[in-house]
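**Student:** Quick one, structure for this:
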Amino acid sequence: MDRMSPLDASFLHVENENNHMHIASVAIFEGPPPRYVEIEEMVASKLHLVPRYRQLVRFVPLELGRPVWADDPHFSLRYHIRHSSIPGPGSEEQLRNLVGRVMGQQLDRARPLWEMWVVEGLEDDRWAILSKTHHCMVDGVSGSDLLTVVMDAAPDMVREPAPPWEPEPLPSGSELLTDAMLERLTSASEMVRSMRSAVRGPGRLRERLSELATGAGSLGKLASSVDVGLNGPIGPHRRWDWARTTLADVKKVRVGLGGTVNDVVLAAITKGFRTLMQSRGLPVEGQVVRSLVPVSVRREDERGTPNNRVSAMFAELPVGIEDPVKRLESIREQMNDLKEKKQAVAAEALTSLSGFAPPLLLALGGRVFARVNQRNVQTVTTNVPGPQQPMYAAGRRMLHAMPYVPLAGSVRIGVAIFSYAGELSFGVTGDYDTAADIDVLCRGIEEGMEELLKAAAR
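**Tutor:** Numbers count the residues shown, from 1 in each chain. Predicted structure coming up:
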């Protein structure tokens, strides 16, 4: 058995009939479409590299411990690899509609929490793979790593036979309960050991506490409410759209106007929200859209591990600034300030502290979060670097890769950014009933990049 971390478990506890906590990617490939069996063979040859794909979630009785991962004794690959087709003409709009429908359905918790949809019928003889994985399995960075594992790095990869796999017996309820109780005792002793270690290194302890105090202070602004008309209840159904640019263009802006790649991306997204709010008749003068910005705190030696190692910063996107250069300057100054104040360090530390909270309270806290009408955060913007070399599936080259980010609470719109082979894609998720105009946001993002490119050229 492998017990979930507090953060991983929280993604299960947040989920309910309207909050679906799965992440996804949509990859479009050159044709012709492969046979189903070719995809099946490709994935089967890689399963031993991603053990989570053959494990399911087991809950501890009475929620007296965090859930654990256990081998699925009835694992069937064909249940997880789905085959679908889009009717003619096979437009990108039809693909977006299909993705929205699939994303509006929860994963089956009685099975390993992932699906892969092979979608045929796209125009220009193309096809797609929709990969859907529960957030409790992977965060964005490790999700990207899994993509590179499952896909091929060359069109003519020679696959080695997969090693035999024999599932471990499923733990009984009493075994789950006993293991959870033993872990609580172990965690207590580990906490004492950590405190002794801290006493032995007072200098390091003072430095760490200073970082946490500064970072926690910058998190205090979340106590202030921001209401720009974007928050509200969400339903179970989803819309999905995308915008695209290139890493080369982003770097042109960065060189010409300053800032980081992430600063430029956030500036373009700010323009998108400004355009969306104006199209809805919402005031933008002096307004900001507060965004949760996940930050990977995964060490280099942890890459490829199937767990969540993310923290977060909270950025205020200055939608009230009309000038694109001043907009970028505002974001750059703000992000530099957040980094100096170690806000991400503080958020990660606060998350890890929940490891010592009673698991039942963790579960209840996640459920409360999903039902609270939050006004302090309007969106999430997560930027994940993907593979920059071409990837292949069944010998066909992947042309584009677009991400999907889940919605929760009262956040009706989320934005994920994914880079692949020189292309930067913005995947925008919207609540079906209240964000039917996310295409306006996507076009605004592309317009924002054009504004920044023109300014950089000047």
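**Student:** Leu182 - that's part of a strand, no?
**Tutor:** No: using DSSP: H, G, I helix; E, B strand; the rest coil, the assignment for Leu182 is helix, not a strand.
**Student:** Need the three-state assignment for Gly321.
**Tutor:** Quick fix: residue 321 is Ile, not Gly. coil.
**Student:** That one touches Ser330, doesn't it?
**Tutor:** Yes: checked against Cβ atoms under 8 Å, the pair Ile321 and Ser330 is within contact range at 6.0 Å. (Glycine included, C-beta is placed from N, CA and C.)
**Student:** Tell me which stretches of the stretch 1-150 of the chain form strands.
**Tutor:** 2-3, 22-29, 55-58, 68-71, 81-85, 114-122, 126-134 (DSSP state E, counting those that start in this stretch).
**Student:** partner strands of the fifth one, parallel or antiparallel?
**Tutor:** Strands flanking strand 81-85 in the sheet, each with its direction: strand 114-122 (parallel) (DSSP bridges).
**Student:** Show me what counts as buried in the strand it pairs with.
**Tutor:** For strand 114-122, the neighbour count (16 or more other Cβ atoms under 10 Å) marks Trp114, Glu115, Met116, Trp117, Val118, Val119, Glu120, Gly121, Leu122 as buried.
**Student:** can you list the residues that contact it?
**Tutor:** If you take Cβ atoms under 8 Å, 6 or more residues apart in numbering as the criterion, strand 114-122 is touched by 28, 33-34, 36, 39, 43, 52-53, 80-88, 90, 92, 95, 98, 102, 107, 127-134, 137.
**Student:** Report the buried members of those.
**Tutor:** Buried members of those, counted by 16+ other Cβ under 10 Å: 28, 33-34, 39, 43, 52-53, 80-81, 86, 90, 92, 95, 98, 102, 107, 127-134, 137.
**Student:** in which helix or strand would I find Glu333?
**Tutor:** helix 324-340 (DSSP states H and E).
**Student:** Give me the buried positions along that helix.
**Tutor:** Pro324, Val325, Arg327, Leu328, Glu329, Ser330, Ile331, Arg332, Gln334, Met335, Leu338.
**Student:** Residues touching it, excluding its own?
**Tutor:** Outside helix 324-340, the residues touching it (Cβ under 8 Å, 6+ apart) are 218, 253, 257-260, 262-264, 266-267, 270-271, 313-318, 321, 344, 448, 451-452, 455.
**Student:** Rounded mean pLDDT for it, please.
**Tutor:** Averaged across helix 324-340, pLDDT comes to 88.
**Student:** Dump it to CSV, restricted to CA.
**Tutor:** These are the backbone C-alpha positions of helix 324-340, laid out as CSV (Å, rounded to 0.1, in the frame of the first residue of the first chain):
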residue,chain,number,x,y,z
PRO,A,324,0.1,46.5,-22.8
VAL,A,325,3.6,47.6,-21.8
LYS,A,326,2.4,49.0,-18.5
ARG,A,327,0.4,45.9,-18.0
LEU,A,328,3.5,43.7,-18.3
GLU,A,329,5.5,46.1,-16.1
SER,A,330,2.8,45.8,-13.4
ILE,A,331,2.9,42.0,-13.5
ARG,A,332,6.7,41.8,-13.5
GLU,A,333,7.0,44.0,-10.4
GLN,A,334,4.3,42.1,-8.6
MET,A,335,5.7,38.7,-9.4
ASN,A,336,9.2,39.8,-8.3
ASP,A,337,7.7,41.0,-5.1
LEU,A,338,5.9,37.8,-4.4
LYS,A,339,9.1,35.8,-5.1
GLU,A,340,11.1,38.0,-2.7
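**Student:** circling back to that earlier point, if any of the contacts of helix 324-340 are buried, give me the PyMOL selection for them.
**Tutor:** With 16+ other Cβ under 10 Å as the burial test, the buried ones among the contacts of helix 324-340 are selected in PyMOL as follows:
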select buried, resi 218+253+257+259+262+263+264+266+267+270+271+313+314+315+316+317+318+321+344+448+451+452+455
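**Student:** Might one say that Glu40 is in contact with Ile81?
**Tutor:** Yes: in this structure, Glu40 is within contact of Ile81 by Cβ under 8 Å, at 5.8 Å.
**Student:** Let me see the mean pLDDT of the host helix or strand of Ala401.
**Tutor:** Using DSSP H and E, Ala401 maps to strand 396-404. For strand 396-404, mean pLDDT rounds to 95.
**Student:** Quick check: can you name the pairing partners of it and their directions?
**Tutor:** Assessed with DSSP bridges, strand 396-404 is paired to strand 22-29 (antiparallel), strand 392-393 (antiparallel).
**Student:** Which of the contacts of helix 324-340 fall in helices?
**Tutor:** Among these, DSSP state H puts 218, 253, 257, 262-264, 266-267, 270-271, 344, 448, 451-452, 455 in helices.
**Student:** Any figure for the gap between the residue nearest to His80 when sequence neighbours are not counted and Met157?
**Tutor:** Nearest non-adjacent residue to His80, counting by Cβ to Cβ, 6 or more residues apart in numbering: Glu115, 5.6 Å away. Going from Glu115 to Met157 by Cβ to Cβ, to the nearest Å gives 23 Å.
**Student:** for Gly104, what are its contacts?
**Tutor:** His20, Pro236, His237, Arg238, Tyr432.
**Student:** Could you tell me the model confidence score at it?
**Tutor:** At Gly104, pLDDT is 95.
**Student:** do the same with Gly217
**Tutor:** At Gly217, pLDDT is 51.
**Student:** count of residues packed around Gly286?
**Tutor:** If you count neighbours by other Cβ atoms under 10 Å, Gly286 ends up with 9.
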